[in-house]
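The sequence and its predicted three-dimensional model are supplied below.
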Amino acid sequence: IDLGIMVNQNKSLGKDTIELLAVAYHIKAKEKKQVNISDIDKMFKKEINNKKHLVPRPPVITIMGHVDHGKTTLLDYLRHSHVAAHEAGGITQDIGAYQIKEKGKTITFLDTPGHAAFSAMRARGARITDLVVLVVAADDGVMPQTVEAIDHAKAAKTPIIVAINKIDKPGANPKKVTNQLTRYGLIPEKWGGNTIFVNISAKLGTNVKELLDMIILKAEVMELKANPKQNAAGSVIESKLDKGKGPVASVLVQEGTMHIEDPIVVGDTFGRVRTMTNENGKPLKSAGPSTPVEITGLSSVPEAGDRFVVFDHEKDARAAGEQRAEQAQMERRKQDNTVTLSNLFSTM
Ligand code: GTP
Ligand code: MG
């Protein structure tokens, strides 16, 4: 349904759709073929090559938590920049994605908004990430969007690292907040649980280095890998219509490598990757696994959370994109025609 495709048991799915689904649910899709003897050798070789191509990739870490608990400030400190100061009203309104380098290792961070209105964005963030850093302000404690973030992470089976923030504030009570969190199954290691807790001040930078070390440690244990040699696949982080550039999408490449000129299907739109830039606006020619990039060249604006795949040929991308757009439109029409109690009575 997320992809705008309705299927039932009598309908077959195309290979590209299956690949998209496999990426979305972190499973491996295998093609079952009728094999003749001469093919076996070829397939075997291909399999070996595939394993060889699986290389370590940067972890994708999403910062989540209640509004104003200090997520963007933490990322700012990590990036040594000042994103929060430029935001409208100081509230994060979309998912920003950034990469930092620590000890030669790249880490990808996604910022999410804590405001109650952005629940769907938090759900999406939790789904495309390897780890969630849950930021809870030590003077405010567990709040509704803290609980929501925990729920999203649990639903996506994503491990959580807790960062109790604002410990520099006079009213800060990290112990009380830790206590509150145990009610949601987050129990620190020293209390016999298996969740990593770090008390920090994002503003002053206290213990942020320790938090980063914990993130790196936890990510290393996960042995995250991807194949940079395959066609790119991933998710849309945010999107907009730019007056000059046309449809613009921030995407996270999750598998494979994206190249300029790649034919691409994104949700129910398609196109060719015309330009690709990193978070600082630097033009890129290619982007490997776990890289967030902004792309242009799509025929319309996709939706945040949409999946994308790169095709070998533009005509296939166009055909798949057009088919998806048509299906999405049919679904919308069907929904409009659905009989509800209210429109039933209004037509009687
Ligand atoms: P949303 O994106 O709107 O959900 O908020 P956020 O979680 O990103 O919070 P943000 O980083 O914008 O911080 C909110 C306020 O808390 C700002 O005024 C920060 O300066 C302040 N703040 C963040 N971290 C700390 C901290 O460690 N100590 C103190 N004293 N203030 C902090
Ligand atoms: Mg923010």
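Arrived safely, thanks for sending. Given the structure is predicted, the values throughout are model-derived calculations rather than measurements. Ligands and ions are numbered 1, 2, ... in the order given.

Would you map the helices across this protein?
Ranges of helices within the chain are 15-24, 37-53, 71-79, 83-86, 119-127, 144-155, 174-182, 208-222, 314-337, 341-347, based on DSSP state H.

Switch those helices over to TSV; also include distance to ligand 1.
Any C-beta I mention is one placed from the backbone N, CA and C, and that applies to glycine too. Listed next are the helices of the chain as TSV, based on distance: least, CB to the nearest ligand atom, whole Å:
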stretch	distance to ligand 1
helix 15-24	26
helix 37-53	38
helix 71-79	3
helix 83-86	4
helix 119-127	10
helix 144-155	8
helix 174-182	12
helix 208-222	9
helix 314-337	31
helix 341-347	35
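
Any idea which of those gets closest to Gln230?
Gln230 sits nearest to helix 37-53 of all these, at 7.5 Å, using CB to CB.

on that earlier part again, could I get the helices of the chain in TSV, plus columns for distance to Tyr98?
Putting these into TSV (distance: least, CB to CB, whole Å) gives the following:
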stretch	distance to Tyr98
helix 15-24	22
helix 37-53	27
helix 71-79	6
helix 83-86	8
helix 119-127	13
helix 144-155	19
helix 174-182	26
helix 208-222	13
helix 314-337	29
helix 341-347	45
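
So which of the ones you listed is nearest ligand 2?
helix 71-79 (3.2 Å; CB to the ion).

can you count the residues close to the closest residue to Arg318 other than its chain neighbours?
Nearest residue to Arg318 in three dimensions, chain neighbours excluded: Phe270, at 5.8 Å (CB to CB, 6 or more residues apart in numbering). If you count neighbours by other CB atoms under 10 Å, Phe270 ends up with 27.

residues touching Phe270, list them.
Contacts were defined as CB atoms under 8 Å, 6 or more residues apart in numbering; by that measure Phe270 touches 263-264, 298-299, 317-318, 320-322, 324.

between those residues, which has the most around it?
Counting by other CB under 10 Å, top hit in those: Ile264 with 28 neighbours.

OK, contacts around that residue?
Contacts of Ile264 (CB under 8 Å, 6+ apart): 232, 258, 270-273, 295, 297-298, 308-311, 317.

Number of residues surrounding Gly185?
11.

Got phi/psi on it?
As for Gly185, its main-chain torsions (degrees, to the nearest 10) stand at phi 80, psi 10.

What residue in the stretch 201-348 of the chain comes nearest to ligand 2?
Taking CB to the ion, the stretch 201-348 of the chain has Ala202 as its residue nearest ligand 2, at 10.6 Å.

can you pull the contacts of that residue?
Contacts of Ala202 by CB under 8 Å, 6+ apart are 70, 73-74, 76-77, 135, 163, 165-166, 208.

per-residue confidence averaged over stretch 219-228?
Stretch 219-228 carries an average pLDDT of 91.

Quick check: buried residues in that stretch?
For stretch 219-228, the neighbour count (16 or more other CB atoms under 10 Å) marks 219, 224, 226-228 as buried.

Looking at those residues, which is nearest ligand 1?
Ala219 (22.1 Å; CB to the nearest ligand atom).

need the contact list for the closest one.
59, 61, 107, 130-131.

again, 7 Å this time
59, 130-131 (CB atoms under 7 Å, 6 or more residues apart in numbering).

Dump those to CSV, plus pLDDT.
Shown next, in CSV, are the contacts of Ala219 (pLDDT from 0 to 100):
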residue, pLDDT
Pro59, 95
Asp130, 93
Leu131, 94
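
Tell me the pLDDT of the one residue sitting closest to the centre of the chain.
The C-alpha lying nearest the average C-alpha coordinate of the chain belongs to Ile128 (CA atoms, centre = their mean; 3.2 Å). Predicted confidence (pLDDT) for Ile128: 83.
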